[in-house]
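> sequence isn't available, so here's the structure alone:
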């Protein structure tokens with residue numbers, strides 16, 4: 001393990017990395033049920049989608065572990081799966097084969113862009129203060145997701161409002177938050193993981209934690225495996241769908257990589273992500289393989305920050321997460337027993353951990369401070385990492401231009417700005 005993952009160099013141990021990988025897995029295991037639920041609305045087979053989700057996540061995360069030695073996990077992305085199901089298939093009326101073909105082409109294009117270092121150049125074009133704000137914004141976003149998952153924050157006349165904290169999942173989540181907070185205060189190693197387990201157990205008398213049941217055998221992939229239709233590749237609708245997938249996936253992945261790397265303290269002296277090219281390649285390979293298996297776009301998961309918060313610093317963290325996705329194929333009733341209210345406290349507290357770079361933003365320069373603020377506030381409000389980066393980058397470019405500081409803008413930043421403008425126009 002030492003030779004493979006360089007644990008001493010990263011000041012970590014096998015125990016820390018394995019616990020971190022387990023924590024990451026538990027905070028994102030919901031995708032094993034949520035992704036099939038969303039995609040099955042298109043008529044795709046639920047069981048086959050469960051298998052495809054687990055396999056695509058495991059394969060992409062293994063590539064990440066062995067090619068980058070970074071603690072990031074991948075899985076079919078939330079938002080991207082909804083776009084696949086409700087916009088492309090149900091909204092536009094195309095069969096799932098059309099959507100899977102678009103995802104496959106997206107993966108191929110990303111592989112080519114990564115090989116020619118274009119995606120890495122885009123990552124490096126993002127200004128330093130915006131990068132710091134991305135970490136903070138992701139923290140707010142992931143905390144918001146945790147509050148939503150437990151029903152602590154619900155929809156209402158004011159868009160969002162406080163849920164009923166006196167019973168059910170919201171009460172369980174708040175109890176779990178206090179328990180995990182106490183463990184953190186006492187500096188207990190594995191506090192997030194222990195908190196998830198204890199909250200799950202407490203959920204039994206609440207009637208929230210219940211045995212999922214069902215078959216232990218992985219369902220067959222046959223109904224959705226390699227289901228492509230290349231007959232409409234050159235249509236305008238395919239171009240629009242492909243551009244949207246490329247845009248959202250690219251900046252969701254970029255934002256997650258920057259945010260989690262910033263929190264982990266693994267950015268180099270230039271503010272760049274080590275092995276960034278292969279990290280992006282893992283995402284591209286995951287998307288391509290995922291399409292072959294029959295699922296929507298695979299992307300780097302923001303829940304990776306939960307493992308980083310537990311001390312994960314190397315590929316052993318992501319390797320552990322990948323192995324657990326493979327095990328989940330045969331133990332699905334066990335993993336699906338953990339309720340959202342039990343993982344919510346971990347997500348909320350990870351949001352706290354991700355906030356630390358906020359103190360390093362340059363608030364004395366408003367051409368830096370304003371874009372940074374817009375980046376971090378738009379992410380949770382728009383429910384999109386990509387949209388937060390888009391607004392932050394565009395405001396940074398316009399403020400630099402209009403304050404006669406255009407020399408601070410490099411060519412790649414201008415190109416990225418043009419792409420953002422195109423996305424706003426196309427919608």
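Received, thanks. Only a predicted model underlies this, so the values are computations on that prediction, with no experimental measurement involved. Numbers count the residues shown, from 1 in each chain.
> how many residues are close by residue 201?
Per other Cβ atoms under 10 Å, the neighbour tally for residue 201 reads 11. All C-beta spots, glycine's among them, are computed from the backbone N, C-alpha and C.
> output the below-cut-off pLDDT ranges for this structure.
Residue ranges of the chain with pLDDT under 70: 427.
> isn't there a strand covering residue 154?
Yes - checked against DSSP: H, G, I helix; E, B strand; the rest coil, residue 154 lies within a strand.
> that one contacts residue 160, doesn't it?
Yes - using Cβ atoms under 8 Å, residue 154 is in contact with residue 160, at 7.1 Å.
> doesn't residue 214 lie inside a strand?
No - counting by three-state DSSP, residue 214 is not found in a strand; it is coil.
> for the residue lying closest to residue 225 once chain neighbours are set aside, list the residues it contacts.
Nearest residue to residue 225, sequence neighbours excluded (Cβ to Cβ, 6 or more residues apart in numbering): residue 294, at 5.7 Å. Contacts for residue 294 (Cβ atoms under 8 Å, 6 or more residues apart in numbering) come out as 44, 48, 49, 52, 100, 221, 223, 224, 225, 226, 227.
> phi and psi next, for residue 298.
phi -90, psi 140 (degrees, to the nearest 10).
> now swap in residue 69 and tell me
phi 60, psi 40.
> now stretch 351-364: buried residues?
Going by neighbour count (16 or more other Cβ atoms under 10 Å), the buried part of stretch 351-364 is 351, 353, 354, 355, 357, 358, 361.
> tell me how far the second one lies from residue 114.
Put plainly, it is residue 353. Taking Cβ to Cβ, to the nearest Å as the measure, residue 353 falls 29 Å from residue 114.
> the fifth one too?
From residue 357 over to residue 114 the distance is 26 Å, taken as Cβ to Cβ.
> ditto for residue 188
From residue 188 across to residue 114, the span is 40 Å (Cβ to Cβ).
> and residue 90, by the same measure?
Taking Cβ to Cβ as the measure, residue 90 falls 31 Å from residue 114.
> the two: who's more crowded?
Neighbours around residue 90 and residue 114, counted as other Cβ under 10 Å, are more numerous at residue 114. The numbers are 21 against 13.
> in the helix or strand where that one lies, what's buried?
Here residue 114, judged by DSSP states H and E, is contained in helix 96-115. Going by neighbour count (16+ other Cβ under 10 Å), the buried part of helix 96-115 is 96-107, 109-111, 113-114.
> list the contacts of the closest residue to residue 417 other than its chain neighbours.
Nearest non-adjacent residue to residue 417, counting by Cβ to Cβ, 6+ apart: residue 397, 4.6 Å away. Contact analysis of residue 397 by Cβ under 8 Å, 6+ apart lists 409, 413, 414, 417.
> so which of the contacts of residue 294 are in helices?
48, 49, 52, 100 (DSSP state H).
> now these in CSV, with distance to residue 211?
Output for the ones in helices among the contacts of residue 294, formatted as CSV (distance: Cβ to Cβ, whole Å):
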residue, distance to residue 211
48, 24
49, 22
52, 25
100, 34
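> measure stretch 296-308 end to end?
26 Å (Cα to Cα, to the nearest Å).
> should've said stretch 9-16
Span of stretch 9-16 from end to end, Cα to Cα: 14 Å.
> cool, stretch 299-317 as well?
Stretch 299-317 has its terminal residues 17 Å apart, counting by Cα to Cα.
> make a PyMOL selection of whichever of the ones in helices among the contacts of residue 294 turn out to be buried.
A single PyMOL command selects the buried members of the ones in helices among the contacts of residue 294 (16+ other Cβ under 10 Å):
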select buried, resi 48+49+52+100
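> of the ones in helices among the contacts of residue 294, closest to residue 135?
Nearest to residue 135 among these: residue 52, at 31.1 Å, using Cβ to Cβ.
> quick one, what contacts the closest one?
221, 224, 225, 290, 293, 294, 295.
> looking at those, state which has the most neighbours.
residue 295 leads the contacts of residue 52 on contacts (other Cβ under 10 Å) with 33 neighbours.
> quick check: closest non-adjacent residue to that residue.
Using Cβ to Cβ, 6+ apart, the nearest residue to residue 295 is residue 52, at 4.3 Å.
> if anything else comes up later, I'll come back, but that's it for now.
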